[in-house]
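> fold the following and give me the result.
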Amino acid sequence: MRAVSYGGGVQSTALLVLAAHKRIDFPIFLFANVGDDSEHPDTLAYVNDIARPYARQNGIELIEVKRCRRDGTSETLWERLNQRNSRSIPIPVRMGNGAPGRRSCTSDFKIKVIGRWLKRHGATAASPAAVGIGISLDEIHRANKRRSEPHEVIEYPLLQLGLRRDDCAQIITDAGLPVPRKSACFFCPLKTVGAWREQRYREPDLFWKSVHLEEVLNERRAMLGRDPAYLTRYGVPLDQAIKPENPAASDEMQDPGCDSGWCMT
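Coordinates of the predicted model:
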């Protein structure tokens, strides 16, 4: 079995085009949707309106998978973050010194979800699936084969082809497709300051949802006797850290943040 972990962003969409053109051998693309209330709306729209029809036209299976509870119902990351009885926060919120905390979101809502699908469809330690990850040459530091599970072998097709992020965007454009935005949860603390400024300026509804989430998480931390944590590195609430101004063109927007390659591709 050969499948790509599809994130709906630039690199993994380039992999989709390369697979359609038979330049790489991956007939299955697995989109681990962490939640319609958690993924950026633009990413969901791109997957449904652009990537899915393109995959279908080119004989590629693009399959959406979600995290399920034991009773069979799906669970979203947003729902877990807003559970009032939870004692842990699965996203890498920033501590007072700006450093990101520990996280389980990528593991619980992407790696394990895709892993369960692979195992249900025949992947084993004796016969592992090849899983393609969309890390490009300019982000080679994110490649880490040590994170593969027993039922999978991680491959990096973009690295093997020597392709950078700009190359990926050109591949998508040459295929007649629009270039997608960077994929990530809209409230991800690993976004750059520039990305937060862009959200406040252009997507105020998402920004104020992020502000509310930060407040909810800190109310819970206060009840547990813990210090506050934040969605930016500034050590102050989000609406104070990010001012309502037009983001400068020079603001850095593309910091990979998550080092695993399962997110932000």
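> for the biggest helix by length in the chain, what is the distance to the chain centroid?
In the chain, assigned by DSSP state H, the helix with the most residues is helix 204-223. Centroid separation between helix 204-223 and its chain, computed with CA atoms, centre = their mean, to the nearest Å, is 20 Å.
> could you give me the average pLDDT of it?
Predicted confidence along helix 204-223 averages 96 (mean pLDDT).
> how about stretch 76-94?
When pLDDT is averaged over stretch 76-94, the result is 91.
> could we number from 236 for the rest of this?
Done: numbering now begins at 236, and the last item shifts to stretch 311-329.
> that one: end-to-end distance?
End-to-end span of stretch 311-329 (CA to CA, to the nearest Å): 21 Å.
> from the chain's centroid, how far away is it?
Shown here is stretch 311-329, whose average C-alpha point lies 16 Å from the average C-alpha point of the whole chain (CA atoms, centre = their mean).
> can you map out the strands along the stretch 236-385 of the chain?
Assignment of strands within the stretch 236-385 of the chain using DSSP state E, counting those that start in this stretch yields the ranges 237-241, 263-267, 296-300, 364-367.
> and the second one, what does it pack onto?
With contacts defined as 3 or more CB pairs under 8 Å, 6 or more residues apart in numbering; DSSP states H and E, the packing partners of strand 263-267 are strand 237-241, helix 245-255, strand 296-300, helix 347-355. Bear in mind the C-beta positions are built from the backbone N, C-alpha and C, glycine included.
> how about these, which one is nearest Ala404?
When the helices and strands packed on strand 263-267 are compared by CB to CB, helix 245-255 sits nearest Ala404, at 5.7 Å.
> what lies in contact with that closest one?
Taking CB atoms under 8 Å, 6 or more residues apart in numbering as the criterion, the residues outside helix 245-255 that touch it are 239-241, 259-262, 264, 281, 286, 289-290, 293, 295, 297, 367, 369-371, 392-393, 396, 398, 400, 402-404, 406-407, 409-410, 412, 414-415, 417-418, 500.
> only alpha carbons, please: show that helix as CSV.
Taking Å, rounded to 0.1, in the frame of the first residue of the first chain, the C-alpha atoms of helix 245-255 are listed here in CSV:
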residue,chain,number,x,y,z
VAL,A,245,1.2,23.5,-1.2
GLN,A,246,3.6,20.6,-0.8
SER,A,247,1.0,17.8,-0.5
THR,A,248,-1.0,19.3,-3.4
ALA,A,249,2.2,19.2,-5.5
LEU,A,250,2.4,15.5,-4.6
LEU,A,251,-1.2,15.1,-5.9
VAL,A,252,-0.2,16.6,-9.2
LEU,A,253,2.9,14.5,-9.4
ALA,A,254,0.9,11.4,-8.7
ALA,A,255,-1.6,12.4,-11.4
